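> Quick one, structure for this:
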Amino acid sequence: QVQLQESGPGLVKPSQTLSLTCTVSGGSITTSYYAWSWIRQPPGKGLEWMGAIAYDGSTYYRPSLKSRTSISRDTSKNQFSLQLSSVTPEDTAVYYCARGPEGYYSEYDEYDYWGQGTQVTVSS
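Numbers count the residues shown, from 1 in each chain. Predicted coordinates:
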């Protein structure tokens with residue numbers, strides 16, 4: 001059973017960088033052919049895929065967020081991380097990490113494991 005757990009600050013000030021880490025247990029983030037994604041859900045809105053890091057370390061980003069987003073991994077800790085720079089209140093959302101097959105990033109039915117989600121609020 002694969003488990004994912006998000007961690008990071010729940011409150012970030014505008015213009016700062018949001019940093020979250022997803023710790024994975026029960027499976028390796030280097031297992032072919034999975035991708036490990038960050039997905040968020042703003043209040044009252046649907047899920048939005050932000051980006052992913054694949055089993056081989058390749059990264060993929062939502063075009064509208066690409067300039068502000070960076071996803072990295074630490075294979076020794078079986079973790080992957082999200083950094084979102086220059087945040088505004090519009091970045092307030094529940095942030096999820098999840099596992100899915102590489103290439104199916106916005107097809108949420110294809111994801112088989114999700115973290116519980118963590119609320120991040122952008123406010124001064």
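> Can you tell me which residue is spatially central in this protein?
Using CA atoms, centre = their mean, the residue of the chain that lies closest to the mean C-alpha position is residue 38, 1.9 Å off.
> these two touch, right, it and residue 47?
No. Counting by CB atoms under 8 Å, residue 38 stays clear of residue 47, with 11.1 Å between them. Every C-beta, even on glycine, is put in place using the N, C-alpha and C of the backbone.
> who touches both of the two?
Residues touching both residue 38 and residue 47 (CB atoms under 8 Å, 6 or more residues apart in numbering) are residue 96.
> now the strands: where do they sit in this protein?
3-7, 11-12, 18-25, 34-41, 48-54, 59-61, 69-74, 79-84, 93-101, 113-114, 118-122 (DSSP state E).
> Please tabulate those in CSV, including the columns distance to residue 107 and mean pLDDT.
Shown next, in CSV, are the strands of the chain (distance: least, CB to CB, whole Å; pLDDT from 0 to 100):
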stretch, distance to residue 107, mean pLDDT
strand 3-7, 18, 98
strand 11-12, 29, 98
strand 18-25, 19, 98
strand 34-41, 11, 98
strand 48-54, 9, 97
strand 59-61, 13, 97
strand 69-74, 19, 98
strand 79-84, 20, 98
strand 93-101, 8, 97
strand 113-114, 14, 98
strand 118-122, 23, 98
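> quick revisit: residues contacting the residue nearest to the centre of the chain?
20, 22, 49, 50, 51, 52, 71, 82, 95, 96, 97 are the contacts of residue 38 under CB under 8 Å, 6+ apart.
> count of residues packed around the second one?
If I follow you right, that is residue 22. 28 (other CB atoms under 10 Å).
> what's the answer for the first one, then?
Residue 20: 21 surrounding residues under other CB under 10 Å.
> and the gap between it and residue 94?
As judged by CB to CB, to the nearest Å, residue 20 and residue 94 stand 11 Å apart.
> overlap in contacts of the two?
Counting by CB under 8 Å, 6+ apart, the shared contacts of residue 20 and residue 94 are 118, 120.
> which residues does residue 4 contact?
Residue 4 touches 22, 23, 24, 97, 98, 99, 113, 114, 115, counting by CB under 8 Å, 6+ apart.
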